[in-house]
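Visitor: Okay, structure incoming, though there's no sequence with it:
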Ligand SMILES: Nc1ncnc2c1ncn2[C@@H]1O[C@H](COP(=O)(O)OP(=O)(O)OP(=O)(O)O)[C@@H](O)[C@H]1O
């Protein structure tokens, strides 16, 4: 029994499960989704209607023919009848909506909860039917349009939540909230804790929220479908009367409409799945199987109440969540999607055999009659308490994790701070050594300057000495020429005598008698003063013996009238 309500079963007012069948149009050869090369080769030139194993018989029945019978022109066919509606390959989304979805939405707006699930093999058009695309919006966007059209002037609010159940890498099943900022969810009984609900302002907003959620949904390409859903996707629409302030009362309209896009059951050979894909495929097939077991058990139980209603719903998270529907307590519709190609015969036949009996399942179609009993209230509070406790535990854990992260960050900052100190110290040290180097450089520069000055002085002194040396040389030259002039003035050599003289190297020159007299006269001349003698000695010391003319000219003031010839004696 639903923990929130106590419903009075009234089978007189019950109705059958709505079972719809939609046949996907055959895609052209080579179009992704029809990848069986064997079949493509065989049927490349056949007209499309000859390839089909499933044909619409009436608006509620179909005929199924095996491919071999088709090939050999036999008519071994099976008829499946009693569907709520059969949609042919050329039926539009609007047509499907009008006949299948619109009644569910009408009831939802009246406060009746309901569920629609799309069920069928991979690539048969479940996601296309539920969500559609921009050009062909599916049941979900069309439902939003209808809801907002009919509630535009009321005080009711629409809430949407969307989640998926998947089995990553073939491990345990997990639930992910697909709403913005959604997280992993845990299921307690049939309730998801922490599932985020978004209040929808208009149908475009609703469409946006759902399209964003679908971007997060797990999909992968397989041989059967280029974008195959790898998870069970569930969308909840809940409408709340704002006047009720969220509280339960008799008038409150809080119907829930659940739309489920199941991942398509797959045959390993068809999909070519391996590794992780194969594990996912096992999970998908298992969920489909549990879903079917629940419905079959419900049908058998309804047919023969002596047969117990098996608790198969416990075997998968999806059926756990949909327990009320799996146990026939709430209204449900199924749309079976199939492909009608010859190569799809096996899948289509299995699905029809398995699911067509579900059309006999009955549900009570009365709105929930809510009675607040003390036991219910207590039960409700207990559950709320459990949820709150769980959330507190969850918050505590995440708090601990955050604290740990904070600690790690702090220690990281500390390490960086230490590094910074070291860097600052190093900079300081470098600065100081830089200063020292600058000082040294300054000192060296001043030394070089001093040296340069000294060099300049040396150069100047050298220059000066050179100049004075030149002057001296000039003076010496002048003096020499003066001496020569003096000598030539004092000693009048007779050129004729000189010409007759033998070479000096062979004969000593002997003066003439006149010269000898002149010399004698000079010797006998003025007497030498002691100053003259001292000066002569000093001259000899300075210039050497024989340099009489030089000694004379250098000390002309002392020797006066004397001539150099008189010095030799
Ligand atoms: N009625 C239709 N009209 C046109 N195209 C369709 C129809 N049904 C399905 N398709 C196309 O067929 C391909 C497979 O469809 P879809 O993805 O809906 O399959 P599925 O049953 O959800 O597969 P899976 O279980 O692998 O996710 C898509 O390209 C889709 O657009």
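Guide: Perfect, I can see it now. If you're wondering where the values come from, they're calculated on a predicted model, not measured in any experiment.

Visitor: Enumerate the residues of the stretch 251-400 of the chain near the ligand.
Guide: Within reach of the ligand by Cβ under 6 Å from any ligand atom, the stretch 251-400 of the chain has these residues: 263, 264, 337. (Each C-beta comes from the backbone N, C-alpha and C, glycine too.)

Visitor: Tell me, what's the model's pLDDT at the closest residue to the second one other than its chain neighbours?
Guide: Think residue 264. Leaving aside its sequence neighbours, residue 264 sits nearest to residue 122 (Cβ to Cβ, 6 or more residues apart in numbering; 3.4 Å). The per-residue pLDDT reported for residue 122 equals 86.

Visitor: next one: residue 499
Guide: Confidence at residue 499, expressed as pLDDT, is 44.

Visitor: likewise residue 60?
Guide: What the model reports as pLDDT for residue 60 is 96.

Visitor: repeat for residue 229
Guide: Per-residue confidence (pLDDT) for residue 229: 69.

Visitor: same deal with the one 4 residues further on?
Guide: Reported pLDDT at residue 233 in the predicted model: 94.

Visitor: what's the distance between it and the ligand?
Guide: As for residue 233, its distance to the ligand is 9 Å (criterion: Cβ to the nearest ligand atom, to the nearest Å).

Visitor: how long is stretch 191-208 end to end?
Guide: Stretch 191-208 has an end-to-end distance of 26 Å (Cα to Cα, to the nearest Å).

Visitor: Check the stretch 151-300 of the chain for the residue nearest the ligand and tell me.
Guide: Proximity of the stretch 151-300 of the chain to the ligand (Cβ to the nearest ligand atom) peaks at residue 264, 2.5 Å away.

Visitor: Which residue does the stretch 401-550 of the chain have closest to the ligand?
Guide: Nearest to the ligand in the stretch 401-550 of the chain, going by Cβ to the nearest ligand atom, is residue 401, at a distance of 35.3 Å.

Visitor: Please give me every residue in contact with the most centrally placed residue in the chain.
Guide: The residue lying closest to the centre of the chain (Cα atoms, centre = their mean) is residue 216, at 17.6 Å. Contact analysis of residue 216 by Cβ atoms under 8 Å, 6 or more residues apart in numbering lists 176, 178, 182.

Visitor: So what's the residue count around residue 530?
Guide: Residues within reach of residue 530, counting by other Cβ atoms under 10 Å, total 7.

Visitor: Distance check, it against residue 540.
Guide: Using Cβ to Cβ, to the nearest Å, residue 530 is found at 16 Å from residue 540.

Visitor: go on, residue 486?
Guide: Look at residue 486 and residue 540: by Cβ to Cβ, they are 18 Å apart.

Visitor: Could you do residue 288 as well?
Guide: From residue 288 over to residue 540 the distance is 145 Å, taken as Cβ to Cβ.

Visitor: cool, residue 110 as well?
Guide: Here residue 110 is placed at a distance of 157 Å from residue 540 (Cβ to Cβ).

Visitor: Compare those two (neighbour count), which wins?
Guide: residue 540 (15 against 10).

Visitor: just checking, that one touches residue 552?
Guide: No - if you go by Cβ atoms under 8 Å, residue 540 and residue 552 don't touch, sitting 11.9 Å apart.

Visitor: coming back round to it: for PyMOL, what selects the buried ones among the residues of the stretch 251-400 of the chain next to the ligand?
Guide: Buried members of these, defined by 16 or more other Cβ atoms under 10 Å, are picked up in PyMOL with:
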select buried, resi 263+264+337
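
Visitor: Which of the residues of the stretch 251-400 of the chain next to the ligand fall within helices?
Guide: Among these, no member falls in helices (criterion: DSSP state H).

Visitor: export the residues of the stretch 251-400 of the chain next to the ligand to TSV and tack on pLDDT?
Guide: Output for these, formatted as TSV (pLDDT from 0 to 100):
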residue	pLDDT
263	82
264	75
337	96
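
Visitor: circling back: tell me which element the residue of the stretch 401-550 of the chain closest to the ligand falls in.
Guide: helix 374-490 (DSSP states H and E).

Visitor: And for residue 363?
Guide: strand 362-364.

Visitor: Okay, buried residues for that strand please.
Guide: So strand 362-364, judged by 16+ other Cβ under 10 Å, has buried residues 363, 364.

Visitor: Okay, now the sheet partners of it, with direction.
Guide: According to DSSP bridges, strand 362-364 has the following sheet partners: strand 14-16 (antiparallel).

Visitor: tell me the mean pLDDT for the partner strand?
Guide: Mean predicted lDDT for strand 14-16 stands at 79.

Visitor: residues near residue 262, how many?
Guide: By other Cβ under 10 Å, the residues close to residue 262 number 25.

Visitor: Return the residues in contact with it.
Guide: Residue 262 makes contact with 117, 118, 119, 126, 232, 287, 288, 291, 318 under the criterion Cβ under 8 Å, 6+ apart.

Visitor: Give me the pLDDT for the third one.
Guide: Spelled out, it's residue 119. For residue 119, the model assigns a pLDDT of 94.

Visitor: Quick one: residues contacting it.
Guide: The contact partners of residue 119, by Cβ under 8 Å, 6+ apart, come to 126, 262, 288, 291, 334, 335, 336, 337, 351, 355.

Visitor: Could you report the separation of it from the ligand?
Guide: For residue 119 relative to the ligand (Cβ to the nearest ligand atom), the value is 9 Å.

Visitor: just the last one next, same as before
Guide: Using Cβ to the nearest ligand atom, one gets 14 Å for the distance from residue 318 to the ligand.

Visitor: before we move on, what about the fourth one?
Guide: Shown here: residue 126 relative to the ligand, a distance of 4 Å by Cβ to the nearest ligand atom.

Visitor: for that residue, what are its contacts?
Guide: Residue 126 touches 118, 119, 120, 229, 261, 262, 264, 335, 337, counting by Cβ under 8 Å, 6+ apart.

Visitor: can you put these in CSV and add distance to residue 298?
Guide: Formatted as CSV, those follow (distance: Cβ to Cβ, whole Å):
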residue, distance to residue 298
118, 19
119, 15
120, 20
229, 25
261, 22
262, 17
264, 22
335, 18
337, 22
